[in-house]
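>>> What follows is a predicted protein model with its sequence.
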Amino acid sequence: VRPNPPNSEFRRHYERGDLPIQIDHGGCHNRIAWKVGIEKLDFHHYLPIFFDGLREVEMPYAFLAEQGVYDMMQVGQSKVVSVIP
C-alpha cells in the first residue's frame, strides 16, 4: 500500500500523456517545460486538473501539479478568475 491518496485526475492525465508538460532536468532544479504557451491553454480544462494534483505526495506528480498551478496562476492571472466557481 502506498502512502499516496487514490489516483488523482492529474495523475491519470499525466500518465496518459494528456497534459502539455514535461520535466526539464536542468541545472540544480527541475522545472516544467510547457509544450504549449501557458497563455494559450484552456484554463477551464487544465486548471482544475492541476489543482486536483495538489493532493499528490509522490514525485514527480506532486512537483508537477504544484509548479503547474504556480505557473498558470502567474502567467494567466486574467484567466484564473473566470475558472473559479
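Nice, I can see it.
>>> Send over the helix or strand of the chain with the lowest mean pLDDT as CSV, restricted to the C-alpha atoms.
Each helix and strand of the chain was given a mean pLDDT (mean pLDDT, DSSP states H and E); the minimum falls on helix 77-83 at a mean of 84. C-alpha atoms of helix 77-83 as CSV (Å, rounded to 0.1, in the frame of the first residue of the first chain):
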residue,chain,number,x,y,z
GLN,A,77,-3.9,35.8,-14.0
SER,A,78,-6.8,37.2,-16.0
LYS,A,79,-8.0,33.7,-17.0
VAL,A,80,-8.0,32.3,-13.5
VAL,A,81,-10.9,34.4,-12.1
SER,A,82,-13.3,33.1,-14.7
VAL,A,83,-12.5,29.4,-13.8
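>>> can you give me the helices for this structure?
9-16, 43-52, 61-75, 77-83 (DSSP state H).
>>> May I see the ones you listed arranged in JSON lines, with mean neighbour count as well?
Where C-beta positions appear, they are placed from N, C-alpha and C, glycine not excepted. Shown next, in JSON lines, are these (neighbours: other C-beta atoms under 10 Å):
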{"stretch": "helix 9-16", "mean neighbour count": "16"}
{"stretch": "helix 43-52", "mean neighbour count": "18"}
{"stretch": "helix 61-75", "mean neighbour count": "18"}
{"stretch": "helix 77-83", "mean neighbour count": "12"}
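>>> how about those helices, which one is nearest residue 37?
Among the helices of the chain, the nearest to residue 37 by C-beta to C-beta is helix 61-75 (8.3 Å).
>>> The closest one packs against which elements?
Counting contacts by 3 or more C-beta pairs under 8 Å, 6 or more residues apart in numbering; DSSP states H and E, helix 61-75 is packed against helix 9-16, strand 21-26, strand 29-34, helix 43-52.
>>> relative to helix 61-75, how tilted is the first one?
In other words, helix 9-16. Relative orientation of helix 9-16 versus helix 61-75 (axes from the mean of the first three to the mean of the last three C-alpha atoms, to 10 degrees): 100 degrees.
>>> Check what pLDDT residue 7 gets.
pLDDT for residue 7: 84.
>>> swap that for residue 4, please
60.
>>> what separates residue 19 from residue 85, distance-wise?
Using C-beta to C-beta, to the nearest Å, residue 19 is found at 22 Å from residue 85.
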